[in-house]
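**Student:** Just need the structure, nothing else, for what follows:
(2 chains)
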Amino acid sequence: ETGVTQSPTHLIKTRGQQVTLRCSSQSGHNTVSWYQQALGQGPQFIFQYYREEENGRGNFPPRFSGLQFPNYSSELNVNALELDDSALYLCASRLGQANSPLHFGNGTRLTVT
Amino acid sequence: DAKTTQPPSMDCAEGRAANLPCNHSTISGNEYVYWYRQIHSQGPQYIIHGLKNNETNEMASLIITEDRKSSTLILPHATLRDTAVYYCIVQASGGGATNKLIFGTGTLLAVQP
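**Tutor:** Just a heads-up that it's a prediction; the model follows:
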């Protein structure tokens, strides 16, 4: 049990639509990261938030955006969904920014048709 | 790209020690070695991490060579529940996206009864 919960667990959307995925982290975990995991591959870093500000981004277009809230919850928003956005989206949190380990949720499985 | 190299798969008999190797020949002085595992349809689970000294916790031991170019994760008494993909990751100790996790394809450990 990591204390990181994600909702919904599964979601089906149509190409061109928008989606919001939600994550609730452990109290005190002020760093949250989001990862995308395509089938058969390792997770890929999307972006990271620290104290409600984005402080790192991977190679993802601007239609991937996020928010982090003071209550340790966060959101991943994806606009103009494409078929290739079908993947498992993972939220992870840690205490501070440095070398404490990331704790992952079990993800949201997004299918774009 | 991931900075680590791992065998794609390994087998281990239940009750025996599982030794998972990882090469990270380009590791920098401020980079830690992290191990995570991912059981099917779950998020990655943190196992252990270290800088240059060997580490042990309730899940596993991490042996890092003196030159830090390789490491071995040891599960002392593997069980069927240890069947998972194991990821070895090197991570910088700075803030922001410098401490993002870059996952490779990992090692699929199959524990056999």
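**Student:** Spit out the contact partners of A:G105.
**Tutor:** If you count contacts by CB atoms under 8 Å, 6 or more residues apart in numbering or on different chains, A:G105 has them with A:2, A:4-6, A:23, A:90-92, B:43. Where C-beta positions appear, they are placed from N, C-alpha and C, glycine not excepted.
**Student:** Just give me the closest of those residues to B:S25.
**Tutor:** A:A92 (27.0 Å; CB to CB).
**Student:** Verify the stated contact: the closest one with A:S33.
**Tutor:** Yes - with contact defined as CB atoms under 8 Å, A:A92 reaches A:S33; the gap is 4.8 Å.
**Student:** lowest-pLDDT helix or strand in chain B?
**Tutor:** Lowest by mean pLDDT, DSSP states H and E among the helices and strands of chain B is strand B:84-92, with a mean of 91.
**Student:** The residue nearest the centre of chain A and A:E54, how far apart?
**Tutor:** By CA atoms, centre = their mean, chain A has its centre lying nearest to A:W34, at 3.2 Å. A:W34 is 10 Å from A:E54, where distance means CB to CB, to the nearest Å.
**Student:** So for those two, which residues contact both of them?
**Tutor:** In contact with both A:W34 and A:E54: A:47-48, A:66, using CB under 8 Å, 6+ apart.
**Student:** could those residues go into CSV alongside pLDDT?
**Tutor:** What follows is the shared contacts of A:W34 and A:E54, written out as CSV (pLDDT from 0 to 100):
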residue, pLDDT
A:F47, 94
A:Q48, 92
A:G66, 96
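**Student:** any chance of the residues you listed in CSV, plus secondary structure?
**Tutor:** Listed next are those as CSV, based on DSSP: H, G, I helix; E, B strand; the rest coil:
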residue, secondary structure
A:F47, strand
A:Q48, strand
A:G66, strand
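**Student:** Just the buried residues of stretch A:50-62, please?
**Tutor:** For stretch A:50-62, the buried set under the neighbour-count rule, 16 or more other CB atoms under 10 Å in any protein chain shown, comprises A:50, A:56-58, A:60.
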